[in-house]
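K.L.:
coords please:
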Amino acid sequence: FVVKIVRGKPDYAVYTLFWVLTVVAIYFLAYKIWATPAILDLPVLQDDVETNADDDPVPESELSALTQFMETEKPYLNADIRIGELADALQMPKHQLSRIINQGFGQNFFDYVNGYRIRAFIDARNGPRLRHLNTLELAYMSGFNSKSAFNRAFRKETGRNPREYFTQPAG
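P.N.:
Next up is the predicted model:
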């Protein structure tokens, strides 16, 4: 194709032809995909080794070891705790700790840790020693790093917000 430019004006016929061909090509491709959807089918990848390790129950010894560690060492008080740090402290691979928490306790890591934080908050709030602190200060002491994270976790754990929990009888 030769584009004629006369006095700085482009040949609009060439541009029109280009866009018409582009639209026709797009419609053609869309029709081919619609008419034969198998074009887009990708092969299903399968693992060479099928293991059912995830189906095995978590040993009680691992559950109790984790529970004992959480209750004695209180790593949940660290607002920046990560699953890798906890796994290192327990001297186990990260995926093993994740499996223990997910299958053994039926929770993800953050919900599991936040459960301990909420219980620590409730104990501190009900105890005589720290009653002079406000809710947010107790939340920070319990390992939360924001008010919104605390409120969200508290409601998820107890079904009520902190004010309702401490002023209304359980029902």
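K.L.:
for the closest residue in space to Val113 that isn't next to it in sequence, what are its contacts?
P.N.:
Closest residue to Val113 apart from its sequence neighbours, by C-beta to C-beta, 6 or more residues apart in numbering: Tyr76 at 4.8 Å. (C-beta placed from N, C-alpha, C; glycine too.) Applying C-beta atoms under 8 Å, 6 or more residues apart in numbering to Tyr76 gives the contacts 70, 113-114, 116-117, 120, 142-143.
K.L.:
Just those residues: which are in strands?
P.N.:
Using DSSP state E, no member of the contacts of Tyr76 falls within strands.
K.L.:
Most widely separated two among the residues you listed?
P.N.:
Met70 and Ser142 (13.3 Å; C-beta to C-beta).
K.L.:
more crowded one of those two?
P.N.:
The residue with more neighbours, out of Met70 and Ser142, is Ser142; 25 against 17, by other C-beta atoms under 10 Å.
K.L.:
my guess is the more buried one contacts Gly115, does it?
P.N.:
No. If you go by C-beta atoms under 8 Å, Ser142 and Gly115 don't touch, sitting 11.2 Å apart.
K.L.:
Quick check: which ranges of this protein have low pLDDT?
P.N.:
In the prediction, the chain carries residues with pLDDT under 70 at positions 1-10, 39-55, 170-171.
K.L.:
can I see the domain layout of it?
P.N.:
For the chain, automatic domain parsing gives the domain ranges 1-45, 61-171.
K.L.:
Closest one to Leu63 out of the contacts of Tyr76, please.
P.N.:
Lowest distance from Leu63 to those (C-beta to C-beta) belongs to Met70, with 10.8 Å.
K.L.:
burial measure for the residue lying closest to the closest one once chain neighbours are set aside, as a count.
P.N.:
Using C-beta to C-beta, 6+ apart and skipping the chain neighbours, the partner closest in space to Met70 is Tyr116 (5.7 Å). The number of residues packed near Tyr116 is 19, by other C-beta under 10 Å.
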